[in-house]
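# The amino acid sequence is not available; the structure is as follows:
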């Protein structure tokens, strides 16, 4: 019994009907499924994201569910497997990290026309815009402590036996950097629409100056940053989102990505625009069990810029080829690509003798 | 501001200020906002695009020649569609030249590579667009 509402709260009646049918077929005892709200959420171009309210009957009672549906688009910012995201979220079950509840996973196209997965929706949370970090006041310190504590806690999760290990390979401690650099170098070289001298120079530099081996193998979130968590506007992070790039690797990868200057509007005084660097590192060390090594961080932070360039180049190609018309892909291929080129050039040029103006 | 730059600037600002408020809560609102922001940015970039590419090509030509790499061809016109392929050909050669210089122990090669980095840094700074200032509009 699918009765999607016909008001403007239903963005896509066909999708609502198909989803109600899927939900009923995959929820034991559920009947009379009614979707009262289905709207597409802007952003997160790696998936088509919908917020769904539904009710259904079970055991003689009416039950309400607030859900998030993440469906694959024709093309996305990042080429990932939804089963990895699903497994990564489930791998967090053992720690106290606010991740959404992973509910359904479909890898086929039959139910909704594309692979998808469904999570419980965390209500009462808002994202922190990387371009407006100051909006977090007066809760900057509290949010900052949780941000680095959660980041460290993810790094501290036991890899062995976690659901993610069944989905992805575990590299050797001294091979984490090479695997990631190879992957993103290949992304850049196969998807760039023009020569990339700055990215190529950075790749050469990173290959010639490898980091120390990983101190431990960790679950790497892959995109932990401002914009990818929700907070309650009262000082609490209530959801860590976007696990689609999760993998097993060096925990420094996440620390460097989370503190990339793009995600904090270039705030150099505070890590991620949230906490003084010394405090952020202390919180991360405590939660992760890792020891901060400046030479490892230096390598992984330059790598983070290269990885970003790889993502922006993929976005630009998808947009240029008409696979996805979402303007966020054009923005990524233009503004954020330019921002990371400038960041890389500013960091590497002095290493090759260029004196920067003070 | 050029005539075309002015038009793009006005269209983009109108999209953000006049259209987006009517789309609040809809997916299209986010699309329209970002489109408006980038339209304003395109208006600014439009005016200087050919000049920037021309100067980038000439700067690359100088360092390529200094490094003994042929760089004689010129773009057929000042159209962006002619300048970009020339710039890309030179950039490809620059990557090869820089890779060679990095393995050299000759101080002259090190000095040339330093100059190339100056060129790369200046080019990156010039390509960096200025996001327009709209309250509450930056993409997330």
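That came in fine, so what should we check first? Owing to the predicted nature of the structure, the values given are computational and were not obtained by experimental measurement. Residues are numbered from 1 along each chain as shown, chains lettered A, B, ... in the order given.
# where exactly do the strands run in the stretch 151-300 of chain A?
Counting by DSSP state E, counting those that start in this stretch, the stretch 151-300 of chain A has strands at residues A:218-220, A:229-231, A:237-240, A:247-249, A:270-271, A:275-276.
# so where's the longest helix in the chain?
Looking at chain A here, since you left the chain open. Criterion DSSP state H: the longest helix present in chain A is helix A:294-320.
# The intended chain is chain B.
The longest helix of chain B (DSSP H) is helix B:27-66.
# Show me what that helix packs onto, helices and strands only.
Secondary-structure packing of helix B:27-66 (3 or more C-beta pairs under 8 Å, 6 or more residues apart in numbering or on different chains; DSSP states H and E): strand A:31-41, helix A:327-331, helix B:3-14, helix B:80-102, helix B:107-127. Where you see a C-beta, it was placed from the backbone N, CA and C, and this is true even at glycine.
# make it 10 Å
Under the contact definition 3 or more C-beta pairs under 10 Å, 6 or more residues apart in numbering or on different chains; DSSP states H and E, helix B:27-66 sits against strand A:31-41, strand A:48-58, helix A:327-331, helix B:3-14, helix B:80-102, helix B:107-127.
# Looking at chain A, which residue is nearest chain B?
Residue of chain A nearest chain B, by C-beta to the nearest C-beta: residue A:42 (2.8 Å).
# number of nearby residues for the nearest residue to that residue once chain neighbours are set aside?
Residue nearest to residue A:42 in three dimensions, not counting chain neighbours: residue B:30, with 2.8 Å by C-beta to C-beta, 6 or more residues apart in numbering or on different chains. For residue B:30, the count of nearby residues is 20 (other C-beta atoms under 10 Å in any protein chain shown).
# Looks like residue B:30 contacts residue B:16 (just checking).
No. The criterion here is C-beta atoms under 10 Å, and residue B:30 misses it with residue B:16 at 11.6 Å.
# Residue B:9: what's it in contact with?
B:1, B:2, B:39, B:40, B:41, B:42, B:43, B:44, B:46, B:132 (C-beta atoms under 10 Å, 6 or more residues apart in numbering or on different chains).
# One more pass at 8 Å, please.
B:1, B:39, B:40, B:43, B:44 (C-beta atoms under 8 Å, 6 or more residues apart in numbering or on different chains).
# Roughly how far does it sit from residue B:47?
Distance, residue B:9 to residue B:47, using C-beta to C-beta, to the nearest Å: 10 Å.
# joint contacts of these two?
residue B:1.
# Which positions in chain B make contact with chain A?
For chain B, the residues in contact with chain A (C-beta under 8 Å from any C-beta of the partner chain) are B:25-27, B:29-31, B:34-35, B:37-38, B:41, B:84, B:87-88, B:91-92, B:94-95, B:98-99, B:102, B:110-111, B:113-114, B:117-118, B:120-121, B:124-125, B:127-129, B:131, B:138-140.
# List buried residues within the residues you listed.
When the residues of chain B next to chain A are checked for burial by 16 or more other C-beta atoms under 10 Å in any protein chain shown, the buried set is B:26-27, B:29-31, B:34-35, B:37-38, B:41, B:87, B:91, B:94-95, B:98, B:113-114, B:117-118, B:120-121, B:124, B:127, B:129, B:131, B:138-140.
# Was I right to think residue A:54 contacts residue A:24?
No. Contact criterion C-beta atoms under 8 Å: residue A:54 and residue A:24 do not qualify, at 9.7 Å.
# overlap in contacts of those two?
Residues touching both residue A:54 and residue A:24 (C-beta under 8 Å, 6+ apart): residue A:33.
# what mean pLDDT does stretch A:236-252 have?
Averaging pLDDT along stretch A:236-252 yields 94.
# cool, and stretch B:77-95?
On average, stretch B:77-95 scores 97.
# before we move on, back to that, which one of residue A:54 and residue A:24 has more residues nearby?
Taking other C-beta under 10 Å, residue A:54 and residue A:24 do not tie; residue A:54 has more neighbours (22 against 17).
# Leaving out chain neighbours, which residue sits closest to that one?
Per C-beta to C-beta, 6+ apart, closest to residue A:54 is residue A:35, 4.7 Å.
# Measure how buried the one you found is and give me the count.
Neighbours of residue A:35 (other C-beta under 10 Å): 25.
# Which pLDDT value belongs to the residue of chain A closest to chain B?
pLDDT, residue A:42: 75.
# before we move on, what about the one 4 residues further on?
The predicted structure scores residue A:46 at 64 on the pLDDT scale.
# What of the one 5 residues further on?
According to the predicted model, the pLDDT of residue A:51 comes to 92.
# Identify the bridge partners of it.
In this entry, residue A:51 is beta-bridged to residue A:39, residue A:68, by DSSP bridges.
# residue contacts, it?
Taking C-beta under 8 Å, 6+ apart as the contact definition, residue A:51 lies against A:37, A:38, A:39, A:41, A:66, A:67, A:68, A:121.
# Of those, grab the buried ones for ChimeraX.
In ChimeraX, a selection of the buried entries from the contacts of residue A:51 looks like this (16+ other C-beta under 10 Å):
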select /A:37,38,39,41,67,68,121
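# which of the contacts of residue A:51 has the weakest pLDDT?
Confidence-wise, residue A:41 trails the rest of the contacts of residue A:51, at 85.
# How about that residue: what's its closest non-neighbour residue?
residue A:49 (4.6 Å).
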